[in-house]
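Trainee: kindly return the folded structure for what I paste below:
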Amino acid sequence: MYLKALDIYGFKSFADKISLEFNSGITGVVGPNGSGKSNVADAVRWVLGEQSAKALRGSKMEDIIFAGTEHRKPLGFAEVSLTIDNSDGTLPVSFCEVTVARRVFRSGESEYYINKTPCRLKDIHELFMDTGIGKEGYSIIGQGRVDDILSSKSDNRRQIFEEASGIMKYKVRKLESEKKLELTKQNLVRIDDIINELEAQIEPLKHQAGVARKYMELREGLKELEVSVYVENISSLKEKIREYDQQYLSLKQSIDKESLRMEEIIRSNGQKTQLLKLLEERLEASRKEFYSLETHLERCESQIKLNEEKMDSLEGNVSRLDSEMLETNHKLRRLTEEEDDRNNKLVCLNTEYGDYSDKLSAHELRLKEIIDTQSKSERHIEALKASVMDKLDVLSDKKMQINNLNLHIEGIRKRQVSLENEIFGLSLEEDRDKAKKQELEHNIKKASDAIEHSNEKLDGLLRERGELDSSLSEQRKRESAFKSEMQLKASRYKMLQDMEKGLEGYNRSVKEILHACGRLPEFGKGIHGALAQLITVDLRYETAVEMSLGGALQNIVTSTEEEAKRAIEFLKRDRLGRASFLPISSVKGRRFDSGIINEISKMEGFCGVASELISYDPIYEGIILNLLGRVVVAENLESGIKIARKFAYSFRIVTLEGDILNSGGSMSGGSMDKRGTGILSRSREISELKETVISLQKKLREAEKNIGEITGMLEEVSAEISLEQKEVREKELLKIRDESHLAQVVQSISRLRAKAEMLTEEKLQDKRQEEAAVIELSKYERELCDIENVIEETKKAIESHQEKHKEERYACDHLSAEITELKVSISSVKQSIQGTKEAIERIAHEKELTLKSIDKRIEEKTKNLKEICSLKEQNEGLRRQRKGSEEARTGKTLEMDRIIEEKKVVEEELHDIVSSITEINKNTALLQEEYNRIDIKKARAEADMEAIQNRMWDEYEITYTNAAELRRDIGSIKEAQKKIGEYKSGIKELGHVNVAAIDEYVKTKERYEFMSGQKKDMVMAAEKLQRIIYEMTSIMKKQFTEQFKLINDNFNIVFGELFEGGRAELIITDRENILESGIEIQAQPPGKRLQNMMLLSGGERAFTAIALLFAILRLRPAPFCILDEIEAALDDANVFRFAEYIKKYSQNTQFIMVTHRKGTMEAADTLYGVTMQEHGISKMVSLKMGDKAS
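Mentor: Predicted structure coming up:
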C-alpha cells in the first residue's frame, strides 16, 4: 500500500485545484518560508479526520477555506481527496484503489467520502485504524508532533506509542463499551424508579378492582332484569304492529286491483304508442331512401364525366412515352461503341506497365549488391577508427598516470615538511590542555557543593507541596461527593418532572383528556385537571389520603356537566377508554355533625377529618367534602377500630399506614412498599428535591472555592519548586558541561599523543612511497612511445579504405537516379490504367441506367392502356345504375303516401286511452289516503320500539336479538320495577366505582413484570459489558507491554546508529497502571552520561525524537510517512545523516518530506516546489531528480 495522489482545492492558500502524484521512494516538497508548503501536510492531516482548527494552525475550521486576496474572491468551500493504492489488500476493503475525501463549507457543514460514497468520520477512522495512518498516528510527523515527544508532560507521548503498539482499536472499543455501561446504569436507575412507582399503584388498584367486580355483578343483575322488561314492552309493540300490517294488507290489495287495471290500459297505450312510433320510423326511413336515391343519381352523372376526362389524359401519356423510348435506344448504341474503345486502350497500357517493371527489378538488384559492398567497407573503416580511439584512450591514461605520479611525488615531499610542523604544533596544544584540565576540575567541585545546598531547599518545598496536595485531594473528594449526590438528586428531579409532564401513573383516558386540554385551549375550557393535581397533602397524611381516595385521584374536575359531557364524547369518538368526572356544579358533599366531631376528636389516635388535612382551592370544597368530608384519619389500626366500634361503623376510617375500615364493618389493609412515588406525593417530592439540589449547589460552590484557594497556594509553591528546580538544572547543566569539557580535554590529550605518533609513522611511509613512484614513472614513459607508433600505422590504413569507399558511393548515386526515373514512369502508366478502368465502369453504369429507364417507360405505357380499358367498362356500369335508381325513386313516393294515412288512425285511438287513465287515478288516491293513516300508526309503534331498543343499547350496548336470549320470567312489570330499584340502591351504596381499575390493575401488573424483566436483562448486559472492558484491558496491557519492549530495543539501536554511539531507553513511569502511565525518554549521546532527554541540547533533543520515530517505523512500518520540517533544528552534518537514514527506510516506507534543508532535498527522488507567484496563492512545480541531473 502507498500514497498515490493528493488533490487539493480551496484549502488554505491553494485557491486553484492542484494534483500531486506520488511514487514509491522519497518525495520532497520545498519552497521558501511563507509559500504554503506545510499546507500540504495540513491537507493530509485534515482529510484523515483532524477536528482541531488549532492543530491546522487556525482559530476556527472556517479559516482553512481560501479567504481571498486583493484580486481573488474567497471560495465557498474547501475539498481535499487522498488516493491510496490498496492492491496488496492492507486496508479492510475490496477495492484496489481507495480515495478518501473531505469537504467543508463556510456554513460549517462537513462531508466525508470513501470512493465518492458519503460516509461518517468514524468510518474513515476505522478504515485506517492500527495502520499508523491517521491524525493521531505516526505517519504524519510535524514540528507539533516532535514537540509532543519533547514535551515535559510524558502523557503527551502516549498516543504515538498506542498507535504503534496496535492497541488503538481496542482502546476505541473499550471507550464505546464504557459509554454503553454508563448509559445502562442510568437506564437501570430510571427503571428502578418506574418499578417503585408501579409497586405503589398495584395495591390501590387491586382494592379498586375488587369493588369494581362487585359493582359489575350488581350491574349484570340489573341489566338482566331491565333488559327483560324492555323485551316485554317490545313484544307488546310488535303485536300492535302486526295488527296494523293486516289492515295495511287489505288496503294494499284494493290499490293493487286499480293498479292492474291501470297497467292494462297503460299496456294498450304503450302498444298504440309503439305502433305510432313504428309508423313514424317507417315514414322517416322511406324519406331517407328517397333522398339517398336522389344523391346516387347525381354521383353517377359526376363520375361518368370524371372518367372521360381521365381517359383523355392517359392517351396523351402513351404518346409521350413512345417518343422518349426512341431517344433512349439511340443513347444506348453510343455508350456501347465508347466502351469498346476504352477496353482496347487498357490492353496497351498493361503491356507498357510490364516492360517498365522488369527493368526496375534489374536496377534494384544491382543497387543492392553495391550497397552491401559499401556497408562492408564502412564497417571495416569504423573498426579501424575504433582501434585508433582505444589506443588514444590508453595513450591519454598513460599520460595522466605519468602526470599523477609527478604530482604524487611532489605532494609527498611537501607533506613531509607539513608533518614536521604539525608534530611540533601538537606538542604545544598538549601543554595548553593540561592547564585547562586543572581549571575544570576545580569548577566541578564548586558546582557539586552548590547543587547539594539547592537540593536541601528543594526537599523542604516538596514536603510543603505534598501537604497541600493532601488537602486538595480531601477537598476534591468532598466536591466529588457533593457532585455525585447532586447528580443523583438532579436525575431523580428530572425523572419526576418527566413523569409529571408525561402524566405517568394516570390512566390512558385521563392522559388523553389532559393532553388534549394542553393542545386545544378551546377544548380545555372548564376542565380544571385531575383531582391529584388540585390538592396538596403533608407527607404524614399522604398514604392515608391516597388510599382513601384510590382511583378518585384520577377523576377529572370540570366546571359543569357540559364540560364532562364534552370530554365523554371525545373519549367515545376516539375510542380512548372511560374516565370519571366531578362537575363542580353538581357534586355536593356533607360534613360530620359538630357533636359527632367533638366526640371523635376526644378519642385516642384521632388525627382529623381527611377533608381538613389537605390544602385545596375553595371552589373545590363540594368535591372534597363529597369524597373526604366523612372520612376520619386515625393514628393506627387499633385506634381506628376503637373509633369505628364506638360509632357502629357508620363512616369510613383510614389509618396513617393506609389501612381502611369501611362503613358497614369491612376492612382493607396489609403491607405497602414505601419506595415508590405516587401521583399524589410526586409534586411534593419535586419541590423537596429542588430545594435539596439548590443546597447541594451551594455546598459545591464552597468546596470549589476552597479548591481554588488551595490550588492557588499549590501553584505558588509549585512555581517556587520550578524555579528552584530550574536553578538546580542550570547548575547541573553547568556541572555537566564542565564534566563534558573535562572529558573532552582528557580525550584531547590522549588524542594529541596518539596523533603525534601516527604522524611520525606517516612520515616514514611517505619516504618509501616516493622511491616506488620514481621507478614506476620510468616504466610508463617507455610504454607511451610504443603506443604512439601503432596509432600512426592505423591512420594510414584508414585513408586507403576511405578512397575506395568514395568510388562505390558515386556508382550507387547514379543507379539510384535511374531507378527513380523508372518509378515515375511506372506511376504515370498506373494512373492511366486506373483512369481507363474508371471510365469503363462509368460507361457500364450509364448503360445499366439507360436500360432500366427503357423498362420503366414500357411498364408505364402498359399500365396506362389497362387503366383506359378499365375506365370505359366503369362508365358502362354507372349508366346502368342510373337507370335503376330512377325507377326506385318513383316507388318510394307511393309508399310514403300510404304510411301517412295509417298514422292518423292510431292517433285517434290514443286520445280515448288518456280519458280512462284519469278516472283510475282518482279512485287510487282515495285508497292511498286511508293507507297512509294506518302507516302513521305503525310508524309510531315502531318509533316507540326503536326508542326502547336505543335505550337498551345506550345503557347496555345490546341488541333486541341478543336481549331476547337474556330474557327471563319476571312476573308482573310492577314487581320487576321494584326489584330494579333494589339493584340501583345497592350500586349507589358502593359509592364511586372505578370500573377501569380491573383493566388498569392487569395492565399495571403486566407492566411491572415487563419492567422487572427489563431490569434483569440490563443487569446482565452491564455485567457482560464489564467483562468485555476487563478483557479489552488485559489484551491492551499485554500487547502494549510486548510492543513497547520491541520499540525500546529498536530505539536503543537506532539512537546508536544516528549518534554513532551512545545509548537510549524508554521508561514507563507507573508500572501498576501501564495503560495510563506516562513515558519518560532517557538518552546518553557519546561522551555524556545517561540523563533525561530534557537536559540535552536542542539539536540533540530533536535528533533523539527523530530516532524514536525511526524506531517505531522499524517495528511497524507505515505505508507512507509525511515529515513536515522535523529536521529544522539539526545542523548540516546531522541533516545529511538524517537524509541517509531516510533513504535506508524508503525501501519499506514511502516518504513525503516538507523541507527547506539542502541535505534532505538531495535525498529526494522527486521534488515538488511550492511558489507564491501571486500574493496569497500557492502554486506547485514538479521535478524528477533524474531530470535535474541531466
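
Trainee: for the stretch 51-200 of the chain, what spans make up the helices?
Mentor: With DSSP state H, counting those that start in this stretch, the ranges of helices along the stretch 51-200 of the chain come out as 121-128, 143-150, 158-165, 168-501.

Trainee: turn these into TSV, columns for mean pLDDT and mean neighbour count.
Mentor: Heads up, the C-betas are built off the backbone N, CA and C, glycines and all. Listed next are these as TSV, based on pLDDT from 0 to 100; neighbours: other Cβ atoms under 10 Å:
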stretch	mean pLDDT	mean neighbour count
helix 121-128	83	17
helix 143-150	62	18
helix 158-165	74	21
helix 168-501	78	14
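
Trainee: okay, those in CSV with distance to I798 next?
Mentor: Below are the helices of the stretch 51-200 of the chain laid out as CSV (distance: least, Cβ to Cβ, whole Å):
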stretch, distance to I798
helix 121-128, 70
helix 143-150, 68
helix 158-165, 70
helix 168-501, 5
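
Trainee: and those helices: which comes nearest T27?
Mentor: helix 143-150 (19.0 Å; Cβ to Cβ).

Trainee: pull the distance from stretch 296-305 to the chain's centre.
Mentor: 84 Å (Cα atoms, centre = their mean, to the nearest Å).

Trainee: F1151 is in what secondary structure piece?
Mentor: Taking DSSP states H and E as the definition, F1151 sits inside strand 1150-1155.

Trainee: send me the helix or strand that that strand is followed by as CSV with only the CA atoms.
Mentor: Scanning forward in sequence from strand 1150-1155 by DSSP H and E, the next helix or strand is helix 1158-1163. Provided in CSV are the C-alpha atoms of helix 1158-1163 (Å, rounded to 0.1, in the frame of the first residue of the first chain):
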residue,chain,number,x,y,z
LYS,A,1158,19.7,21.1,1.2
GLY,A,1159,20.7,17.7,2.6
THR,A,1160,17.1,16.5,2.7
MET,A,1161,16.3,17.8,-0.8
GLU,A,1162,19.3,15.9,-2.2
ALA,A,1163,17.9,12.6,-0.8
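
Trainee: and helix 1158-1163, what does it pack against?
Mentor: Applying 3 or more Cβ pairs under 8 Å, 6 or more residues apart in numbering; DSSP states H and E, we find helix 1158-1163 packed against strand 26-30, helix 1132-1145.

Trainee: circling back to that earlier point, looking at the helices of the stretch 51-200 of the chain, which is closest to I1068?
Mentor: Closest among the helices of the stretch 51-200 of the chain, using Cβ to Cβ: helix 158-165, at 9.7 Å.

Trainee: counting contacts, what elements does the closest one pack onto?
Mentor: Going by 3+ Cβ pairs under 8 Å, 6+ apart, helix 158-165 lies up against helix 143-150, helix 997-1059, helix 1098-1115.

Trainee: distance from it to the middle of the chain?
Mentor: That offset, for helix 158-165, works out to 29 Å (Cα atoms, centre = their mean).

Trainee: now do stretch 523-539
Mentor: So, by Cα atoms, centre = their mean, the centroid of stretch 523-539 is 47 Å from its chain's centroid.

Trainee: which of the helices of the stretch 51-200 of the chain sits closest to K698?
Mentor: Nearest to K698, of the helices of the stretch 51-200 of the chain and by Cβ to Cβ, is helix 168-501 at 9.5 Å.

Trainee: which helix or strand lies directly C-terminal to the closest one?
Mentor: Next along from helix 168-501, by DSSP H and E: helix 508-519.

Trainee: what comes up buried for the helix or strand following that following helix?
Mentor: Later in the chain than helix 508-519, the nearest helix or strand by DSSP H and E is helix 521-524. Neighbour counts over helix 521-524 (16 or more other Cβ atoms under 10 Å) mark 523-524 as buried.

Trainee: just the CA atoms of the helix or strand just after helix 521-524, as PDB, please.
Mentor: Remark: after helix 521-524, the chain's next helix or strand is strand 527-530, criterion DSSP H and E. What follows is strand 527-530, C-alpha atoms only, in PDB (Å, rounded to 0.1, in the frame of the first residue of the first chain):
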ATOM      1  CA  ILE A 527     -61.700  21.400  32.700                       C
ATOM      2  CA  HIS A 528     -59.600  22.000  35.800                       C
ATOM      3  CA  GLY A 529     -57.500  18.800  35.800                       C
ATOM      4  CA  ALA A 530     -57.200  15.600  37.600                       C
END
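
Trainee: circling back to that earlier point, including distance to V318, mean pLDDT and mean neighbour count, could the helices and strands packed on helix 1158-1163 go into CSV?
Mentor: Shown next, in CSV, are the helices and strands packed on helix 1158-1163 (distance: least, Cβ to Cβ, whole Å; pLDDT from 0 to 100; neighbours: other Cβ atoms under 10 Å):
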stretch, distance to V318, mean pLDDT, mean neighbour count
strand 26-30, 92, 90, 25
helix 1132-1145, 102, 83, 17
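
Trainee: among the ones you listed, which comes closest to K398?
Mentor: helix 1132-1145 (37.8 Å).

Trainee: that closest one vs helix 1098-1115, what angle?
Mentor: 0 degrees (axes from the mean of the first three to the mean of the last three Cα atoms, to 10 degrees).
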